[in-house]
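> With the input below, show me the fold.
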Amino acid sequence: MRILIYSYNYHPEPIGIAPLMTELAEGLVKRGHQVRVVTAMPNYPERQIYQEYRGKLYLTEYKNGVEIQRSYVWIRPQPNLLDRVLLDASFVVTSFIPALIGWRPDVIISTSPSLPSCVPVALLGWLRACPIILNLQDILPEAAVHVGLLKNKLLIQLFTLLEKFAYRSANKISVIADGFVENLLSKGVESDKIVQIPNWVDVNFIRPSPQENNPFRTTHNLNDKFVVLYSGNIALTQGLESVVKAASLLRHIPNIVFVIVGEAKGLQRLQQECLDCGADNVLLLPFQPRKNLPQMLAAADVGLVVQKKNVISFNMPSKIQVLLASGRALVASVPDNGTAARAIRQSGGGVIVPPEDPQALAMAILDLYQNPEKVKTLGYKSRQYAVEQYAFEQALNQYESLCYSLIADRRTTHSTIVTKQEV
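Next comes the predicted model:
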């Protein structure tokens, strides 16, 4: 098959959708398919185009057999409303040109966010007469409105119309959790249009390893420490101030160290929070190279998943699969009725505490520190569940089968139309 992946985020961006789409594209190439990716110049999570990509309108790269077509986007580190509009608008306009002039795909896989990209994707699908799979990583504008990122009534109406258009123009919608299914059904999307394919993790790349002689622990003086790790985006939906406050409540126990890994701007904000709380047991580090991710995760005793109270129930952080695969115990400070809490409960590998409650978070971590056997048991269950439910090969099989079935349906429909015309 010739498969076009239309994704705002892609390699070398280190977190979020980018690693997932990179693994999917490269996995499909290994299966013998031809894959082209239409994407933006890399800019996440710093919200600045990476140094080596600046000053370019278009750029085509090749990595592990994947053709990557990049286009310029308007991006600002601290965007106002106009900047956000220009960001989406610029990607819609600039990305369509390379998408159109490249080879004709048999199927398009489009990711959301970004939601406005559904317009060029639908147009391309119509012009090239090929089916579209919409991969929903988040449901916009609902999620953005819920956490207060989107307040302008006109923009909310526009994005709501775009959401309906995206669902209508897609042949299939792949969703990452059951909470998404419930949401789409409540909006009138046909059940036979929805396919649930969880986000995945490469369980051969991310795997448990001993803490003895761990390079990450040695480099950062963490040997013989009980390490509580958060790695990922530091944004409005996380509320990592609660983690810093929980750390301050445990600073009397010198063996417990909190490690937070993220982008520089978010770390600066947390540094001030550490000073205000007296949390001298928090180590703030920049993102690590992807090749070092397994050893960083293996350095932890506990992995953290953190959300604010107002995060909408269907939100499913992709870090959950990664932490489970690392074979570590999880502590999740997340809404009790949300998709994230449900997934962690099903895994049996973690503990759920109320969001934005530093006391509850500190007590859960203290309990694990005092019960090493419990930590081992949770870690074992984490790894087992990740291998059974989130292995990359399973997801790759499902996406490959979905693409084949859509192409077969399109050929059958085309054949029927031609036959009727001949009659």
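> thinking Val305 is in contact with Arg328, fair?
No. The pair Val305 and Arg328 fails to qualify as a contact (CB atoms under 8 Å) at a distance of 11.4 Å. Yep, even glycine has a C-beta here, placed from its N, CA and C like the rest.
> so what sits against both of the two?
Both Val305 and Arg328 lack any common contact, where contact means CB atoms under 8 Å, 6 or more residues apart in numbering.
> Tell me which residues of stretch 338-352 come out buried.
For stretch 338-352, burial by neighbour count (16 or more other CB atoms under 10 Å) applies to 338-344, 347, 349-352.
> can you pull the buried residues of stretch 142-152?
142-147, 150.
> Would you mind checking the average pLDDT for it?
Averaging pLDDT along stretch 142-152 yields 76.
> And for that stretch, what's in contact with it?
Residues outside stretch 142-152 that contact it (CB under 8 Å, 6+ apart) are 81, 141, 156, 159, 163, 183, 236-237, 308, 310-312, 314-315.
> for it, how far is the first residue from the last?
Length of stretch 142-152, first residue to last, CA to CA, to the nearest Å: 13 Å.
> got it, and stretch 162-176?
End-to-end for stretch 162-176, by CA to CA: 20 Å.
> Average pLDDT for it, rounded please.
Here stretch 162-176 scores 96 as its mean pLDDT.
> Do you know the pLDDT at the nearest residue in space to Lys30 that is not next to it in sequence?
By the measure of CB to CB, 6 or more residues apart in numbering, the closest residue to Lys30 outside its immediate chain neighbours is Gly65, 7.7 Å from it. pLDDT recorded at Gly65 is 98.
> Kindly report the same for the one 10 residues further on.
The per-residue pLDDT reported for Ile75 equals 94.
> any idea how far it lies from Ser382?
Taking CB to CB, to the nearest Å as the measure, Ile75 falls 36 Å from Ser382.
> The two: which is more packed in?
A side-by-side neighbour count of Ile75 and Ser382, using other CB atoms under 10 Å, places Ser382 first with 26 against 20.
> That one belongs to a helix, doesn't it?
Yes. Counting by DSSP: H, G, I helix; E, B strand; the rest coil, Ser382 is part of a helix.
> Identify the residues contacting it.
Applying CB under 8 Å, 6+ apart, we find Ser382 in contact with 323-330, 347-350.
> Low-confidence stretches in the stretch 101-250 of the chain?
The stretch 101-250 of the chain contains residues with pLDDT under 70 at 236-237.
> What segments of it are strands?
Listed in chain order, the strands of the stretch 101-250 of the chain (DSSP state E, counting those that start in this stretch) span residues 107-112, 132-136, 172-175, 194-196, 226-231.
> And the strands in the stretch 251-400 of the chain?
For the stretch 251-400 of the chain, applying DSSP E, counting those that start in this stretch gives strands covering 256-262, 282-286, 302-306, 329-333, 350-353.
> and of the ones you listed, who's closest to Asp409?
Smallest distance to Asp409 across the strands of the stretch 251-400 of the chain (CB to CB): 38.1 Å, for strand 302-306.
> Just list what that closest one packs against, helices and strands only.
Using 3 or more CB pairs under 8 Å, 6 or more residues apart in numbering; DSSP states H and E, the elements in contact with strand 302-306 are strand 226-231, helix 241-249, helix 319-325, strand 329-333.
> Just checking the distance from that strand to the centre of its chain.
Relative to its chain's centre, strand 302-306 lies at 15 Å (CA atoms, centre = their mean, to the nearest Å).
> Now do it and strand 256-262, the angle between them.
Relative orientation of strand 302-306 and strand 256-262, computed by axes from the mean of the first three to the mean of the last three CA atoms, to 10 degrees: 50 degrees.
> in strand 302-306, what counts as buried?
302-306.
> Repeat that for stretch 50-66.
Buried residues in stretch 50-66, counted by 16+ other CB under 10 Å: 53, 66.
> how does this protein divide into domains?
When the chain is parsed with automatic domain parsing, its domains come out as 2-200+391-422, 215-389.
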